[in-house]
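Enquirer: Okay, predicted coordinates and the sequence, questions at the end:
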Amino acid sequence: MDLLIFDIDGTLIHSHEDEVTCFVKAYTQVMGKSDINTDLQSYEHVTDTGIAKECIFKQFMREATEDELLAIEENFLTLFDQSLSINPPKVIKGIHDLLASLSNQENLCLAIATGSYYRSALLKLNHAALGLAHLPLSSCDDHIARIEIMKHANNRAKDHYAIDNFRSITYVGDGPWDIQACAKLDWNFIGIASNYSALQLKTWGAKSVINDYQQPLGSFLELILNK
């Protein structure tokens, strides 16, 4: 059996224009400061929890408390849910048909790994009507570091599908942090040129890059099997 793990933002759906705004507002409501760096590449851990912790450490020169992190998360979820209700996320072209086709592949298992909060991930999937809540999903609730989230997704998938080990693992993502993690894990990587160009993703080390999921199923399966 082969395992295919999807990221969410920029991979299953286009990154939502209001997510950063909601996060900054939630952080400001709790911490009283709004000067947050919105350049994701500047953070050690590009995950919701990682960003919140790093912002607090840099601004207050101390570690974040669990109460602060929970308050930021709760405020963010309230704001973001309201935003998604008005402006649902837009899916990457072709993903509905691809997921329907992949579900019929007997030797392929699916999972999700995201740097988002777990409840935020579910909000996005539900508002996008992707119907993937049944899949094993790992998030920054499981670990602050993306590579550990991805490892957790693999382990959760093994438990979910009752498999000791997968023949191959492919991660579909859209950022340099995804490429770096896959290189360290020795996983196959498929880049989605949504937030970054195909050229930029290849410059960062991606060998397989697509713009969306409108190509024939056979072509996509070849990328998974790294043929």
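Expert: All right, it came through fine. Numbering: from 1, shown residues only.

Enquirer: Now do whatever helix or strand residue 110 lives in: which elements does it pack against?
Expert: Residue 110 is part of strand 108-113, with elements assigned from DSSP states H and E. Helices and strands touching strand 108-113, by 3 or more Cβ pairs under 8 Å, 6 or more residues apart in numbering; DSSP states H and E, are strand 2-6, helix 95-102, strand 137-138, helix 146-161. Glycine gets a C-beta too; all of them are placed from N, C-alpha and C.

Enquirer: and with 6 Å instead?
Expert: strand 2-6, helix 146-161 (3 or more Cβ pairs under 6 Å, 6 or more residues apart in numbering; DSSP states H and E).

Enquirer: quick check: angle from the first one to strand 108-113?
Expert: Angular relation of strand 2-6 and strand 108-113 on a 0 to 180 degree scale: 30 degrees, by axes from the mean of the first three to the mean of the last three Cα atoms, to 10 degrees.

Enquirer: Report the buried residues of the longest helix anywhere in the chain.
Expert: Counting residues, the longest helix found in the chain (DSSP state H) is helix 66-86. Neighbour counts over helix 66-86 (16 or more other Cβ atoms under 10 Å) mark 68-69, 71-73, 75-77, 79-80, 83-84 as buried.

Enquirer: Need these in CSV (columns: pLDDT and distance to residue 14).
Expert: Output for those, formatted as CSV (pLDDT from 0 to 100; distance: Cβ to Cβ, whole Å):
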residue, pLDDT, distance to residue 14
68, 99, 30
69, 99, 27
71, 99, 28
72, 99, 24
73, 99, 23
75, 99, 24
76, 99, 19
77, 99, 20
79, 99, 19
80, 98, 15
83, 98, 14
84, 98, 13
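
Enquirer: Was I right to think residue 169 contacts residue 187?
Expert: Yes - counting by Cβ atoms under 6 Å, residue 187 is a contact partner of residue 169 at 4.6 Å.
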